[in-house]
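Student: Following is a predicted model, sequence given first.
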Number of protein chains: 2
Amino acid sequence: MTMHSTGGRRKPPTIHDVAREAGVSRGTVSRVLNGGHYVSPSAQEAVNAAIRRTGYVVNRHARSLITGRSDSVGFLLTEPQERFFEDPNFNVLLRGCTQALATHDIPLLLMLAGTEDERRRITRYITAGHVDGVLLVSSHSGDPVAEQLREAGVPLVACGKPIGLGSKVSYVAADDRDGARDMVRHLLSLGRRRIGVVTGPLDTPGGVERLAGYREVLTEGGIEIDERLIVSGDYSRSSGEAGAERLLAQVPDMDAVFVASDLMAQGVLAVVQRSGRRVPEDVAVGGFDDSPAATATSPELTTIRQPWDRISAEMVRVLLAQIGGEDPAAVILPTELVKRRST
Amino acid sequence: MTMHSTGGRRKPPTIHDVAREAGVSRGTVSRVLNGGHYVSPSAQEAVNAAIRRTGYVVNRHARSLITGRSDSVGFLLTEPQERFFEDPNFNVLLRGCTQALATHDIPLLLMLAGTEDERRRITRYITAGHVDGVLLVSSHSGDPVAEQLREAGVPLVACGKPIGLGSKVSYVAADDRDGARDMVRHLLSLGRRRIGVVTGPLDTPGGVERLAGYREVLTEGGIEIDERLIVSGDYSRSSGEAGAERLLAQVPDMDAVFVASDLMAQGVLAVVQRSGRRVPEDVAVGGFDDSPAATATSPELTTIRQPWDRISAEMVRVLLAQIGGEDPAAVILPTELVKRRST
DNA sequence: CATGCTTCTGTGAGCGTTCACAGTAGAGAA
DNA sequence: TTCTCTACTGTGAACGCTCACAGAAGCATG
């Protein structure tokens, strides 16, 4: 038994120490460290034993210096901080990505670009090559960051389809239109006919697609679209409240509403209930996301589940593939209707 | 005008290129990069111009290899993922820390230790020296991570006082007891006399202190403590609901309740209102944190503001000082009563 | 004029890896 | 035997930076 860690901060063992301890050369140790091809089983074993005995861990800086990779990726969120504070979806995504990256031993650098200044600083940091790639979360259009990074040749995967970049940028998204269709069909199946909608921001593909799904299903069901039943929000809770107020004012006998995010649905729920209407008896409310917010309401929210765990896993997979030299790819994942008490 | 960034990924300029361009030596460039002491103004200027012309950015790996520092810090959260998903305080803290670190050009590595496995992996990563220090968020006691890191000599700053480590570990915290006192005094000043409390977890200093403040003020006010008015929670929303149910069952004519976190207060609010009682007329509800959750309720929550921006700034400051060789320090920051509609 | 001090500059070494290359040993084929 | 091929191993040379050191230049002091 050798001491692995002594309290004091002494010089950590290097690959050289391991090589000496194992009675082999640096090269062999390095080969074991990187997959173990072209290494005899006996050497393999000796090296592993020596690593265990010495408590050796690779010096990532030395490795990066020569490989040119940093073996780290950035998680870039270009949203105002209020959005980051109120929407737990970001947390879910963040958690999923760190987890997926951990299996590859890749640390995640958190980059929050709330202001213009930060955006610049972070862009500079990324294009300087300090990370191998970027997981981008930015719902809004006209966001120049994606374009800048793409031009700089930085591997990039967006969460949700970015606008205006065509097929040049990888992205992973849920099937927004299909999810919306499921929800509206569900509301129809409950006998509701005056179904309102609070859309997401209409300068984002997600917002547009979810609205399209709503229109399609109503039309297919032979129901005429009433434009007074359509209001738009920005995914925030307060915009849900505002939307619900307008809907109730314009169509007091609305009997259901499809809300394009759970957070907005929280706001809708509050306003509807405050108006004296019962949910779901008088007005059924359906959300979108299945975020942690969906079960924090009363009644709990019927919603469309976005498969966050798969989304984050795919984002990481696609990003690593791209870092490895593969072409950009688009991944669309199916959603699922989750029935709870609000419908 | 020279091209700074060409689309393709070509070899980035090194310190050598800058030196040649500026007509000086590597050493001089390096000195300019690191504070510019012992450099003549003319050389200074030439180097800066050359840096601008070549678009040079330092290779952090090469630097780290020789300095032994990584110039990055970890943000370690050892909470179950449900807590991370539902409590926006983490987001606020995260944002504050990235921001404070950005001014020092230090990236933040996000480390979420939800499971035992992750905890081990992350501890290994940290003790391997891959980060210079750690910002630790872990409310719960018996958390072995802090102790392990301290033993390994890793610079560490906790958010909130860690238990069982005495003065060995730096921490930054709000003045919990004083905040609790303010709130209970406020409730008394409204004429409330049957004031309940939903505490935080009593194996954390925060939980204990806030309860102590409650007891002190009531005693000072000559009000006998009724143990049926004291229930404990774990900061989660659902524990707030459970707490409120128990309180209302035990003391139906309770006229106010001090809740040790805004999230729990959300739960309390929901249960109290569902029971047919009006807030604040029948029952006044006071929270703690002034988290984004506090303004998402109806009525909005009177609460005790924790100065999150200062807390995160101080955490970073203390951590960097400690990395710089200073001794551990404890910082206690004042809180503030924020009056809203719930009282 | 020598001496010391301060301010500034260049140079070589080395941080801990990986990578390319050269080389060895052993097995099988000619 | 001799040659080729495969499986494996060791070695020197980078990677781009900082640091310690040595030395130069300028200026005041003895």
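Tutor: Nice, thanks for sending it over.
Student: isn't there a helix covering A:D182?
Tutor: Yes - counting by DSSP: H, G, I helix; E, B strand; the rest coil, A:D182 falls inside a helix.
Student: Leaving out sequence neighbours, find the closest residue to it.
Tutor: Among residues not flanking A:D182 along the chain, A:L337 sits closest, at 4.6 Å (Cβ to Cβ, 6 or more residues apart in numbering or on different chains). For glycine as for every other residue, the C-beta is placed from the backbone atoms N, C-alpha and C.
Student: And the one you found, how far from A:L211?
Tutor: For A:L337, the distance to A:L211 equals 18 Å [Cβ to Cβ, to the nearest Å].
Student: A:A180 now?
Tutor: 7 Å.
Student: So which of the two has more stuff around it?
Tutor: A:A180 (28 against 22; other Cβ atoms under 10 Å in any protein chain shown).
Student: chain center to stretch A:116-132, what's the gap?
Tutor: 20 Å (Cα atoms, centre = their mean, to the nearest Å).
Student: That stretch vs chain B: in contact?
Tutor: Yes - using Cβ under 8 Å from any Cβ of the partner chain, stretch A:116-132 reaches chain B at A:E118, A:R121, A:R124, A:Y125, A:T127, A:A128, A:G129, A:H130.
Student: what does that stretch contact?
Tutor: A:69-74, A:76, A:78, A:109, A:111-113, A:134, A:145, A:148-149, A:152, A:154-155, A:323, B:5, B:12, B:57, B:60, B:99, B:102, B:107 (Cβ atoms under 8 Å, 6 or more residues apart in numbering or on different chains).
Student: Just name the shakiest helix or strand of chain A by mean pLDDT.
Tutor: Least confident helix or strand of chain A, by mean pLDDT, DSSP states H and E, is helix A:144-151 with a mean of 87.
Student: Can you tell me which residues in chain A are near DNA strand C?
Tutor: Chain A has residues A:11-12, A:14-16, A:26-27, A:29-30, A:33-34, A:56, A:58-59, A:62-63, A:65-67 near DNA strand C, with proximity defined as Cβ under 7 Å from any atom of the strand.
Student: on contacts alone, who are the packing partners of the following helix or strand past the least confident helix or strand of chain A?
Tutor: Using DSSP states H and E, the helix or strand that directly follows helix A:144-151 along the chain is strand A:156-159. When contacts are defined as 3 or more Cβ pairs under 8 Å, 6 or more residues apart in numbering or on different chains; DSSP states H and E, strand A:156-159 sits against strand A:133-137, helix A:144-151, strand A:170-174, helix A:308-323.
Student: For DNA strand D, find the nearest of these.
Tutor: The closest of the helices and strands packed on strand A:156-159 to DNA strand D is helix A:308-323. By Cβ to the nearest atom of the strand, the value is 18.6 Å.
Student: The closest one: how far from the chain's middle?
Tutor: So, by Cα atoms, centre = their mean, the centroid of helix A:308-323 is 10 Å from its chain's centroid.
Student: For chain A, just list every one of the strands.
Tutor: A:73-77, A:108-112, A:133-137, A:156-159, A:170-174, A:195-199, A:230-232, A:256-259, A:284-286, A:303-305, A:330-333, A:336-338 (DSSP state E).
Student: ranking the ones you listed by burial, who's on top?
Tutor: strand A:256-259 (a mean of 30; mean count of other Cβ atoms under 10 Å in any protein chain shown).
Student: next one: phi and psi at A:R341?
Tutor: The phi/psi pair for A:R341 (degrees, to the nearest 10) reads phi -90, psi -10.
Student: distance of it from A:V285?
Tutor: As judged by Cβ to Cβ, A:R341 and A:V285 stand 10 Å apart.
Student: Equivalent analysis for A:E326, please.
Tutor: A:E326 is 42 Å from A:V285, by Cβ to Cβ.
Student: Where does pLDDT dip in the stretch 1-150 of chain A?
Tutor: Along the stretch 1-150 of chain A, segments meeting pLDDT under 70 span A:1-10, A:141-142.
Student: And the helices in it?
Tutor: A:15-22, A:26-33, A:41-54, A:60-67, A:81-86, A:89-102, A:116-127, A:144-151 (DSSP state H, counting those that start in this stretch).
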